[in-house]
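*Asks:* my questions are about this predicted structure, shown below with the sequence.
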Amino acid sequence: MSDVRQLAALCRGKHVYIQTHNFPDPDAIASAFGLQRLLAACQVPSALCYDGKIDKLSACKMLDTFHIQMFPYRQLRPDMRETDYVICVDAQKQSGNITDFVGDEVACIDHHPTFVPMEYRYRDIRPTGACATLIAQYYQQLGLTPDTDTATALLYGLKMDTLQFTRGVTQEDISAFAFLFPLCDQETLARLERNNMEFNDLKAYGAAIESIVLYDKTGFSSVSFPCPDALVAILSDFILALQEVEVAVVFSFREDGIKFSVRSEDPRIHAGNLVHSALQGLGDGGGHAEMAGGLIRLEAVPKLGRYPNDAIRDAFLAALSIQRRANRAPEASQEDP
């Protein structure tokens, strides 16, 4: 683990912006919020920012509950300077889901795999179930106790990104839970976890169910109308819950292109590598072994031809075949009797 004191020393006296990925989810928001509070305790003020949209109900409820201020890039852009410092949280430069802001990206704190190596003056990129775990560790490292709002936000982000501790959980996540749980407001946490679906989400569920196609335990499902990132991810989890499915590929046609969410319960299939390979030359994608995302930007959609669903399916099936062959267990050698 990197020493967060180095980050505080690096940023002291600078205009600091903490940037999440373009469609911040609860883990990104919690991590940015927790880091902002931590840096403030080290006399380093900062502003939280993002590009894109905050369109998931759970994220909006979180902002309201903890009175978190996150500024869209268009609002900050006129005042930002090349000499300002930017800390990337829950995302990495050149990962396809984070805009290159004006300013110097001096630091990155993230739990996703790295597909495009970049240089940072402060780098803490480790494979955990949630970025919130890394921020919780910083408080422990400094011997600081997060206030109730911060602890509750971090625990909520941790629970959401690990799907209630059922996906991608590490020992570090368990330790973070043990640290945060006695400090959180359990009533607030329970309230945040309830009623996170909107009535309009049912249309997307219906479209996903209507369009699902199975190929050798891989479920493909498409939604022909725009869905927020978070909803596409929820639909992917939903498809993966089917007994017949071990890999789920869900995509939504939107104004900015085609958004993907991929899930894998097949130990031979790394979801992040799968989407990265399938979208090669078309878009960007990556993520963890069990969950990943990607985007084909609008200008690249014509490359898919007249039948984009078929082209997407074929690209993923080809990538799946390569991974399965590469990770096939070697046959046991047989000796002559």
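*Replies:* Arrived safely. Numbers count the residues shown, from 1 in each chain.
*Asks:* every contact and neighbour count from this point should use C-alpha atoms.
*Replies:* Fine.
*Asks:* by mean pLDDT, point me to the weakest helix or strand of this structure.
*Replies:* The helix or strand of the chain with the lowest confidence, counting by mean pLDDT, DSSP states H and E, is strand 284-287 at a mean of 89.
*Asks:* so what's the model's average confidence on the helix or strand just after it?
*Replies:* Next along the chain after strand 284-287, taking DSSP states H and E as the criterion, comes strand 291-297. Averaging pLDDT along strand 291-297 yields 94.
*Asks:* residue 28: neighbour count?
*Replies:* Neighbour count of residue 28, defined by other C-alpha atoms under 10 Å: 27.
*Asks:* ok, it touching residue 21?
*Replies:* Yes: the criterion here is C-alpha atoms under 8 Å, and residue 28 meets it with residue 21 at 7.4 Å.
*Asks:* any common contacting residues for the two?
*Replies:* Shared contacts of residue 28 and residue 21 (C-alpha atoms under 8 Å, 6 or more residues apart in numbering): 89-90.
*Asks:* quick check, central residue of the protein?
*Replies:* In the chain, the centroid-proximal residue (C-alpha atoms, centre = their mean) is residue 90; its distance is 6.6 Å.
*Asks:* that residue contacts residue 109, correct?
*Replies:* Yes: using C-alpha under 8 Å, residue 90 is in contact with residue 109, at 6.3 Å.
*Asks:* the helices in the stretch 1-150 of the chain, which residues?
*Replies:* 4-11, 26-41, 57-66, 73-76, 131-142, 148-161 (DSSP state H, counting those that start in this stretch).
*Asks:* as JSON lines, the ones you listed with distance to residue 219 and mean pLDDT would be great.
*Replies:* Below are those laid out as JSON lines (distance: least, C-alpha to C-alpha, whole Å; pLDDT from 0 to 100):
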{"stretch": "helix 4-11", "distance to residue 219": "42", "mean pLDDT": "97"}
{"stretch": "helix 26-41", "distance to residue 219": "27", "mean pLDDT": "98"}
{"stretch": "helix 57-66", "distance to residue 219": "26", "mean pLDDT": "94"}
{"stretch": "helix 73-76", "distance to residue 219": "36", "mean pLDDT": "95"}
{"stretch": "helix 131-142", "distance to residue 219": "28", "mean pLDDT": "98"}
{"stretch": "helix 148-161", "distance to residue 219": "22", "mean pLDDT": "97"}
